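Peer 1: what follows is a predicted protein model with its sequence.
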Amino acid sequence: MSDLLNQISLNLQNGKSKVVAELVTRALEENIPPQTILDDGLLAGMSVIGGKFKNNEVFVPEVLVAARAMNKGAEVLKPVLTAAGIKAKGTAVIGTVAGDLHDIGKNLVKMMMEGHGINMIDLGVDVPANRFLEAAIENNASIICCSALLTTTMVEMKNVVDTIKSSDIADKVTVMIGGAPVTQAFCDQIGADCYTPDAATAAEAAMQFIA
Ligand code: B1M
């Protein structure tokens, strides 16, 4: 099992999307739990790439192909993490904030929330504050989820919070935030409703707000 997970990690690091998707399929066939495949295969590989990126051992093109392989592998896991036929329990809008193009963490949060039966409206990346508001109104959403990976873009979350809190739907919507540089202290500082450190905890918190 660990060899297969290692292969997933290595092929992800080399940006081999097709091979990663095939290996994830094989890991599922071998009854490796999907969370283990995610943590010890896909995220382990992404973490190695992150370290190399930081140390200037790899550059944006290599990170991009690795990210693509990560998303391909996660797509294969999606049906298993997302229970089929679950009745939608509520609606959430999700996006990566303005100026920020990182979407892997955002996609994982979306996937985990879908797995709990939440109807997810995905606005993608580089989403301006007013777009979160418009989408929440259009879809009658009770949760807005913002992701940010850069210290320069996490401040955009304050714009989202201010936009929502000064709108007509302020009392009806919970603003959840997360992403690598985000902390509970930052959440308190900008007045967001909830910070969670990872996708699984975000999904659990969202269920409480919906309940
Ligand atoms: Co960029 N990048 N990147 N990058 N990138 C980081 C974030 C960085 C830490 C790398 C580094 O230098 N060490 C650094 C940020 C430094 C900083 O701000 N302090 C950085 C930089 C500098 C940049 C550029 C500026 C580089 C450049 O161009 N010179 C540039 C910016 C582009 C832009 O956004 N405008 C850039 C570009 C890119 C790529 C496009 C090449 C690519 C993104 C591809 C994509 O996403 N489709 C990329 C990547 C992949 C990374 C790293 C290597 C990996 C990020 C990732 O996907 N991690 C990253 C280094 C690292 O993190 N070690 C790095 C895996 C993912 C699952 O984790 O997103 O943290 P994460 O999500 C977690 C939690 O944070 C949480 O749940 C997930 C786990 O369960 N979470 C939430 C996330 N959102 C949440 C929301 C919630 C709750 C939890 O509630 C709503």
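Peer 2: Arrived safely.
Peer 1: got phi/psi on Ala199?
Peer 2: Taking degrees, to the nearest 10, you get phi -70, psi -40 for the backbone angles of Ala199.
Peer 1: report how many residues lie close to it.
Peer 2: 22 (other CB atoms under 10 Å). For the C-beta atoms, the positions are set from N, CA and C on the backbone; glycine is no exception.
Peer 1: domains in this protein, by residue range?
Peer 2: What automatic domain parsing lists as the domains of the chain is 2-83, 91-210.
Peer 1: which of these sits most buried?
Peer 2: Highest mean neighbour count among the domains of the chain (mean count of other CB atoms under 10 Å): domain 91-210, with a mean of 19.
Peer 1: separation between Cys145 and the ligand?
Peer 2: Look at Cys145 and the ligand: by CB to the nearest ligand atom, to the nearest Å, they are 3 Å apart.
Peer 1: tell me the secondary structure at that residue.
Peer 2: Under DSSP: H, G, I helix; E, B strand; the rest coil, Cys145 falls in the strand class.
Peer 1: surely it and Met176 touch.
Peer 2: Yes: with contact defined as CB atoms under 8 Å, Cys145 reaches Met176; the gap is 4.9 Å.
Peer 1: so what's Leu123 closest to, chain neighbours aside?
Peer 2: Nearest residue to Leu123, sequence neighbours excluded (CB to CB, 6 or more residues apart in numbering): Gly95, at 3.5 Å.
Peer 1: so that neighbour makes contact with Met120?
Peer 2: No: counting by CB under 8 Å, Gly95 stays clear of Met120, with 10.5 Å between them.
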